[in-house]
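*Asks:* Any chance you could fold what I've pasted below:
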Amino acid sequence: MKINLGKYELENPVALAPMEDVTDLGFRLICKEFGADIVYTEFISSEGLIRSARKSTQKLITSEKERPVGIQIFGGDPNVMAEAARMAEDAGPDFIDINAGCWVPKVAQRGAGAGLLKDLGQMKSIIHAVKSAVSIPVTLKTRLGWDSNSITIPEVAKICAGEGLSALTIHARTRAQHHDGDADWDWIRRIKEMAELPIIGNGDIRSAQDALDMFESTKCDGVMVARGAVSNPWIFRDIKHLIKHGAVPPPADFRERADTCLRHLKMEIGLKGEHRGLTEFRKYYHGYVHGIRNGSTLRSTLVRLETFPEIEAAFNRFLEGMPPPEDLAASIADRAPLIP
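*Replies:* The predicted model follows:
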């Protein structure tokens, strides 16, 4: 089943998951460059939006280069969510995504995010309010249920289809699991068999082979990559190549990773200023140097530097002393996720 997001009709898309403090504009553009078909903003508080909180409104910024892009909002009040959705639509995204899966206590225990899984009537009211408030497509991302004793994803899928949502993304864990244990892909398969809307599968896609396995085992309409992209933004390119050619391309060598890291850092500085850009970028270094000989030493150096020229010089010094390229290649499948 194709996924229709406004003027975009997508077949078997590979999406970058919305991740708080990770999927800002700079990182989304990097992942888009390497083949992400759909990208999402970090989740945005509906309460923060309607109160014009700076942190919330800044997350509305998108780029023509990243389309189709969705703005994800969260909240527990239908009226507030509707108003926030209208404000988000004014920012010019291609669709609005409702967060019904965030497990963080300060969100879920206030009846938002995964908290909606404990009150499907409220979830339906929010979906209806948001869908009625905007003229662009609406999607929803959720989990299997609050815990293993309350798997509600079949009912959620029926609600989403009945309200006319454009897609449902299923993170195949419960709220109680957080990011622990294995994602249960069989639930994605079961929901795909009964659902009357496109299903995007999410959970434990850390390599191109994982994505292909999810497509084949669940018959889902799209896959979503989260932590696997933070440690390896090239994963989107790898997935596309594997599906098309039956093999994963050689991993990026260190020079390509260094160049990409510096371009990414430049974007962050341009968006946030040098001090904030450099500080908030430190979480990405692990992915760019992971698997490289003496990479941990380089990372320890980079996180202490305070200007772009210093960081560029550190990369250049490291490159000058690198061993031959064939010794640099790190197995993409073995790369550990950055976020626990």
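
*Asks:* show me where pLDDT drops low in this structure?
*Replies:* Where the chain drops to pLDDT under 70, the residues are 322-340.

*Asks:* How is it divided into domains?
*Replies:* For the chain, the structural domains run 3-245, 254-327, going by automatic domain parsing.

*Asks:* So what does Ser125 have for phi and psi?
*Replies:* Ser125 adopts backbone torsions of phi -60, psi -40, taken as degrees, to the nearest 10.

*Asks:* Okay, it and Cys160: tell me how far apart.
*Replies:* Ser125 is 13 Å from Cys160, where distance means CB to CB, to the nearest Å. No exception for glycine: its C-beta is placed from N, CA and C like everyone else's.

*Asks:* quick one, which of these two is more surrounded?
*Replies:* More crowded of Ser125 and Cys160, by other CB atoms under 10 Å: Cys160, with 27 against 17.

*Asks:* where does that one land in three-state SS?
*Replies:* Secondary structure assignment for Cys160 (DSSP: H, G, I helix; E, B strand; the rest coil): helix.

*Asks:* again, but for Gly201
*Replies:* Secondary structure, three-state DSSP: Gly201 is strand.

*Asks:* OK, contacts around it?
*Replies:* By CB atoms under 8 Å, 6 or more residues apart in numbering, the contact set of Gly201 is Thr169, Ile170, Ala172, Trp185, Ile188, Met214, Phe215, Thr218, Cys220, Gly222, Val223, Met224.

*Asks:* Same list, these, but as CSV with secondary structure, neighbour count and distance to Tyr284 please.
*Replies:* Output for those, formatted as CSV (DSSP: H, G, I helix; E, B strand; the rest coil; neighbours: other CB atoms under 10 Å; distance: CB to CB, whole Å):
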residue, secondary structure, neighbour count, distance to Tyr284
Thr169, strand, 27, 24
Ile170, strand, 30, 27
Ala172, coil, 23, 26
Trp185, helix, 21, 28
Ile188, helix, 28, 29
Met214, helix, 24, 25
Phe215, helix, 18, 28
Thr218, helix, 22, 30
Cys220, coil, 25, 28
Gly222, strand, 25, 25
Val223, strand, 25, 22
Met224, strand, 26, 19
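
*Asks:* How many residues are close by Glu83?
*Replies:* 18.

*Asks:* on that earlier part again, so of the domains of the chain, which one's packed in deepest?
*Replies:* Across these, averaging neighbours per residue (mean count of other CB atoms under 10 Å) puts domain 3-245 on top, at a mean of 20.

*Asks:* That domain spans what distance, first to last residue?
*Replies:* Domain 3-245 has an end-to-end distance of 23 Å (criterion: CA to CA, to the nearest Å).

*Asks:* Over to stretch 268-282?
*Replies:* End-to-end for stretch 268-282, by CA to CA: 11 Å.

*Asks:* repeat for stretch 6-21
*Replies:* One end of stretch 6-21 sits 27 Å from the other (CA to CA).

*Asks:* can you start the count at 56 instead of 1 from here on
*Replies:* In the new count, where the first residue is 56, that last one comes out as stretch 61-76.

*Asks:* now that stretch, how far from the chain's geometric center?
*Replies:* Its chain's average C-alpha position is 8 Å from that of stretch 61-76, according to CA atoms, centre = their mean, to the nearest Å.

*Asks:* now swap in stretch 250-262 and tell me
*Replies:* In this view, stretch 250-262 has its centroid 12 Å away from the chain centroid, taken as CA atoms, centre = their mean.

*Asks:* For the stretch 156-305 of the chain, just list every one of the strands.
*Replies:* Secondary structure of the stretch 156-305 of the chain (DSSP state E, counting those that start in this stretch): strands at 193-198, 222-226, 254-257, 277-280.

*Asks:* Redo these as JSON lines? Include distance to Arg372.
*Replies:* Output for the strands of the stretch 156-305 of the chain, formatted as JSON lines (distance: least, CB to CB, whole Å):
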{"stretch": "strand 193-198", "distance to Arg372": "42"}
{"stretch": "strand 222-226", "distance to Arg372": "41"}
{"stretch": "strand 254-257", "distance to Arg372": "39"}
{"stretch": "strand 277-280", "distance to Arg372": "33"}
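
*Asks:* Out of these, flag the one nearest Gln232.
*Replies:* Ranking the strands of the stretch 156-305 of the chain by distance to Gln232, with CB to CB as the measure, places strand 193-198 first at 8.1 Å.

*Asks:* elements contacting that closest one?
*Replies:* strand 150-155, helix 175-188, helix 208-217, strand 222-226 (3 or more CB pairs under 8 Å, 6 or more residues apart in numbering; DSSP states H and E).

*Asks:* Out of those, which gets nearest to Lys327?
*Replies:* Across the helices and strands packed on strand 193-198, the minimum distance to Lys327, taken as CB to CB, is reached by strand 150-155, at 23.3 Å.
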